[in-house]
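> Next input, structure requested:
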Amino acid sequence: MAVTSKSIEQVAEEAAAGPGPNEEVEERVTPLELFFDLVFVFAITQVTQFIADDPSWGGMARGMLILALVWWAWVGYSWLTNWLDTEADRTRLAIFAAMAAMFVVSLAIPGAFSDDAVVFAFAYAFVRVLHILLFAYASNDVDIVGATKRFAPAVGLSLALIFTAAFLDGPAQGVLWALAVLIDFGGALLGGSGWKLHPTHFAERHGLIVIIAFGESIVATGLGASETTLTLGVVAAATFGIVIAAALWWAYFDVVAIVAERRLKEAPHAEQVSMARDSYSYIHLLLIAGIVLLALGMKKTIGDIGEPLKTVPAVALCGGVALYLLGHVAFRLRNIGTLNKQRVVVASIATALILPATRLDALVTVTLLAVLTAGLITYEAIRFSEARQRIRASVHA
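Presented below is the predicted three-dimensional model:
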């Protein structure tokens, strides 16, 4: 179903009006889910380090393929725990088993395309198959079971490709990985309308994973600083890295997350499921990938602030910011039907900074990005101050 185009002012007025008559009390994210998400902190860190160890175009491409698979595994469990009773003992034990397997996946990430490819494939298959079994057999809802059965063949084919790729190398291995990702992501479209969700819980869960990704970017910046002499320039670069992270955090949590959650809650059920899939399961990968690339860029920047960044780290630093903001643009287009022009402009400027970043000192580049992202937030806070106040006030109404 099409999403009606609305201005930020119209959205603010709807938010200020309070909850609709059909809205139900929603569940919140549970401690078990937060515990489960901790393993993904390590997985995201491993992906960042994977690219940092091979800062080439091939290394970046392989890192993004790994991130896509890791993300899709997390997405599957975000839908699962959104519907299943996480307080049940059998559910807890199953989630713990998935955590253990996902931790092995994370450990195998450095060698996912080489020595540990088979280990990665087996552990990842365990995570995905357990997810399917839980959805199919632990749910008492006929529609969900039917949707799971329609979705399962795509998972099976994707896993078969990952296993096959484990015994190959070179371009053929990368092609099979790419096909596996495309088939797995496409499989979500085959589930049809059988999926169900608690919208507030679903939106909150994705907001928390964004925070986790930001936490990883801060850790990467800190680790980069710990590996070099703590000069004034390093302190400045690290500080500007925090400014960028804070600006990007603000871009999501100040208003966007609030409006998106409300739109999801108000949508009819048929549209609600497709909106959750598109806006959160698909589009949020752009946000997470942007943050991971930013973390890589900051790690390389801190490592040598007085030299220009090489091409791939420059793409990661500037392109990561651009990708994150373009993810926001896609998020708003899908939910509200309007274009966030200022974020398109800033994403374009960040992209244009890639070439200068290979010629300017890394400290200069990160300073420019800090000014650019902070300027975006300042502009939006002033330009949309009244609408912003109404939206944020509605949360506490």
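> contacts, neighbours, all on C-alpha from now
Will do.
> Report pLDDT for residue 318.
pLDDT recorded at residue 318 is 98.
> for residue 331, same thing?
According to the prediction, residue 331 has pLDDT 95.
> Kindly report the same for residue 17.
On the pLDDT scale, residue 17 is placed at 49.
> Can you report how many residues lie near residue 255?
Neighbour count of residue 255, defined by other CA atoms under 10 Å: 17.
> try residue 137
For residue 137, the count of nearby residues is 12 (other CA under 10 Å).
> And the one 4 residues further on, by the same measure?
The number of residues packed around residue 141, counting by other CA under 10 Å, is 15.
> cool, residue 270 as well?
Neighbours around residue 270, by other CA under 10 Å: 14.
> same question, residue 231
Residue 231 has 10 neighbours, counted by other CA under 10 Å.
> Mind listing what's buried along stretch 304-314?
Residues of stretch 304-314 classed as buried: 304-305, 307-314 (neighbour count, 16 or more other CA atoms under 10 Å).
> got it, and stretch 40-58?
So stretch 40-58, judged by 16+ other CA under 10 Å, has buried residues 40-52, 55.
> do the same with stretch 258-270
Within stretch 258-270, the residues scored as buried using 16+ other CA under 10 Å are 258-266.
> would CSV of the residues you listed with distance to residue 153, secondary structure and pLDDT be doable?
Listed next are the buried residues of stretch 258-270 as CSV, based on distance: CA to CA, whole Å; DSSP: H, G, I helix; E, B strand; the rest coil; pLDDT from 0 to 100:
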residue, distance to residue 153, secondary structure, pLDDT
258, 35, helix, 91
259, 35, helix, 92
260, 31, helix, 92
261, 31, helix, 92
262, 33, helix, 92
263, 32, helix, 92
264, 28, helix, 92
265, 30, helix, 91
266, 32, helix, 90
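> Now for the protein, the helix or strand with the poorest mean pLDDT.
When each helix and strand of the chain is scored by mean pLDDT, DSSP states H and E, helix 8-16 comes last, with a mean of 51.
> can you tell me how far the residue nearest the centre of the chain sits from residue 45?
The residue lying closest to the centre of the chain (CA atoms, centre = their mean) is residue 288, at 2.9 Å. Using CA to CA, to the nearest Å, one gets 12 Å for the distance from residue 288 to residue 45.
> Run through the stretch 101-250 of the chain and note the low-pLDDT ranges.
Along the stretch 101-250 of the chain, segments meeting pLDDT under 70 span 138-139, 191-194.
> try 90 this time
133-152, 187-198, 216-230 (pLDDT under 90).
> other SSEs contacting the helix or strand residue 74 falls within?
Using DSSP states H and E, residue 74 sits in helix 57-83. Here helix 57-83 touches helix 31-53, helix 117-137, helix 170-187, helix 199-226, helix 284-303, going by 3 or more CA pairs under 8 Å, 6 or more residues apart in numbering; DSSP states H and E.
> Next, the angle from the first one to helix 199-226.
With axes from the mean of the first three to the mean of the last three CA atoms, to 10 degrees as the basis, helix 31-53 and helix 199-226 are set at 40 degrees to each other.
> Give the other helices and strands that helix 31-53 contacts.
helix 57-83, helix 89-108, helix 199-226, helix 284-303.
> show me the contacts for residue 127.
For residue 127, the contact set (CA atoms under 8 Å, 6 or more residues apart in numbering) comprises 73, 98, 101-102.
> now do 10 Å
Contacts for residue 127 (CA atoms under 10 Å, 6 or more residues apart in numbering) come out as 73-74, 76-77, 94-95, 97-102, 105, 121.
> Please consider this matter closed, and thank you.
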